[in-house]
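Visitor: could you look at this predicted model? Sequence included:
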Amino acid sequence: MSLDQKNHIDLALLIAVLALMLLSLGVVYSASAAWAYEKFRESERFINNHALKILLGIAALFVGVRIDYWHYKRISKPVLVLAIGLLVITLITGGEVKGASRWLRIGGFGFQPSEFAKFALLFHLCTLISTKGELVRDFKKGFLPMAFWIGSVTVLVLFQPNFSTGVMILAISLIVLLIGRIRITHMMMAGLLIVMFLVPYIMLSDYRLGRVEAFFSGDSSNAKSRYQMVQGIIGFGNGGLLGRGPGESLQRELFLPESYGDFVFSIVGEEYGFVGTMVFMALFIIILTRGLKIARFARDSLGFYLAAGVTGTITLYALVNACVTLGLLPTTGLPMPFVSYGGSSIFFSAFAVGVMLNISSHTDLHPRSAKVPVVGTVDASGEDVRLPDHSPVGRVYT
């Protein structure tokens with residue numbers, strides 16, 4: 001099969017992502033209706049916006065499917081430079097929400113450049129690793145250039161300030177470097193520098209330090225830092241095995257702030273119970289297993305690193321969000337991919353999945369079959385034998 005020939009895309013991955021998007025419509029509506037009515041006297045306000053973002057996300061997914069992934073090798077650097085420029089502009093002029101400059105508004109359209117920068121950095125790291133080959137193990141030619149890009153994006157996101165996203169970008173980048181086989185000594189050096197930077201960064205903020213202390217101490221007196229965590233756990237407790245039923249959440253009634261966003265998984269647990277949460281987790285497991293299989297069968301190193309990186313990003317976000325909602329990790333502002341309310345995360349994550357599907361179409365996992373009208377062979381008597389069109393020998397895989 002030549003490189004420009006395509007097979008079928010991975011339907012299991014596509015169905016899992018579309019299922020999460022469609023299921024999110026019911027969950028977000030249930031979680032947001034009370035808040036929307038309280039704030040705007042219009043219970044459908046958030047769900048209408050969310051539905052539009054889902055449609056844009058689906059469109060982005062299919063755009064990603066249509067573009068051959070080899071093109072990203074040529075444009076990954078200028079796209080990353082653009083992303084860094086947008087982060088700088090956001091720090092200077094971006095919209096401030098809850099004391100953080102995370103949004104950039106162009107006309108009537110607003111988005112979070114950090115979501116764009118996260119995938120731009122991932123794509124460029126994958127390009128560098130696939131291009132450099134063994135040079136990634138060289139400190140000057142391999143490690144330093146990648147460390148520069150990782151540091152630039154991470155620091156700009158942390159300065160917004162957006163601690164949770166900055167740390168996740170850093171973690172995803174380090175995972176990609178590990179997969180790319182950089183030297184362990186270089187990783188240890190990077191880890192030391194990260195600790196030296198992050199510890200003062202946390203200590204100098206009462207808000208961040210309070211959340212960390214409240215989580216590890218379990219001190220209920222720090223009510224402000226633990227409030228969302230406690231309310232999220234209560235939501236899961238209310239759900240039991242089968243849940244209270246769609247639209248029957250108690251926590252959404254102004255107890256759990258913005259439950260349609262970062263803590264939407266708590267509403268899933270309350271309304272659909274343990275069984276419902278396992279359905280959502282099963283869909284993410286499908287994304288994980290299919291993504292890793294696509295990476296394994298990718299036709300080149302770029303496809304391997306992109307598929308592995310995108311898979312790791314989406315599933316790690318899902319895992320961290322679920323752990324936060326269950327009180328297993330300190331409270332963060334990370335969305336549940338394809339489920340939480342928010343257009344930037346849905347749009348860029350969906351596009352990244354589209355890229356994975358494009359990679360799958362260039363593997364031999366789902367061959368596109370084409371009938372060969374006539375296939376000839378010769379029997380013992382020397383006569384030409386015509387095999388029927390439906391014979392396996394009479395089909396060729398391209």
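Guide: Perfect, thanks for sending it. Numbering: from 1, shown residues only.
Visitor: show me where the stretch 101-250 of the chain has strands.
Guide: Taking DSSP state E, counting those that start in this stretch as the criterion, the stretch 101-250 of the chain contains strands spanning 109-111.
Visitor: so, low pLDDT: which residues of it?
Guide: 101, 107-109, 214, 217-226 (pLDDT under 70).
Visitor: in it, which spans are helices?
Guide: 113-132, 144-158, 163-179, 184-203, 206-217, 223-239 (DSSP state H, counting those that start in this stretch).
Visitor: with mean neighbour count added, can I get those helices in a markdown table?
Guide: Bear in mind the C-beta positions are built from the backbone N, C-alpha and C, glycine included. Listed next are those as a markdown table, based on neighbours: other Cβ atoms under 10 Å:
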| stretch | mean neighbour count |
| --- | --- |
| helix 113-132 | 23 |
| helix 144-158 | 19 |
| helix 163-179 | 20 |
| helix 184-203 | 13 |
| helix 206-217 | 15 |
| helix 223-239 | 19 |
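Visitor: gap between Ala12 and Gly110?
Guide: 34 Å (Cβ to Cβ, to the nearest Å).
Visitor: what residues of stretch 287-302 count as buried?
Guide: Residues of stretch 287-302 classed as buried: 287-288, 290-291, 293-295, 297-298, 302 (neighbour count, 16 or more other Cβ atoms under 10 Å).
Visitor: with respect to Gly57, which of the helices of the stretch 101-250 of the chain lies nearest?
Guide: Closest approach to Gly57 among the helices of the stretch 101-250 of the chain is made by helix 113-132 (11.8 Å; Cβ to Cβ).
Visitor: returning to that earlier point: turn the buried residues of stretch 287-302 into JSON lines, including secondary structure, pLDDT and distance to Gly232.
Guide: Shown next, in JSON lines, are the buried residues of stretch 287-302 (DSSP: H, G, I helix; E, B strand; the rest coil; pLDDT from 0 to 100; distance: Cβ to Cβ, whole Å):
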{"residue": "Ile287", "secondary structure": "helix", "pLDDT": "97", "distance to Gly232": "23"}
{"residue": "Leu288", "secondary structure": "helix", "pLDDT": "97", "distance to Gly232": "23"}
{"residue": "Arg290", "secondary structure": "helix", "pLDDT": "97", "distance to Gly232": "29"}
{"residue": "Gly291", "secondary structure": "helix", "pLDDT": "97", "distance to Gly232": "27"}
{"residue": "Lys293", "secondary structure": "helix", "pLDDT": "96", "distance to Gly232": "33"}
{"residue": "Ile294", "secondary structure": "helix", "pLDDT": "96", "distance to Gly232": "33"}
{"residue": "Ala295", "secondary structure": "helix", "pLDDT": "96", "distance to Gly232": "33"}
{"residue": "Phe297", "secondary structure": "coil", "pLDDT": "94", "distance to Gly232": "39"}
{"residue": "Ala298", "secondary structure": "coil", "pLDDT": "94", "distance to Gly232": "38"}
{"residue": "Leu302", "secondary structure": "helix", "pLDDT": "95", "distance to Gly232": "39"}
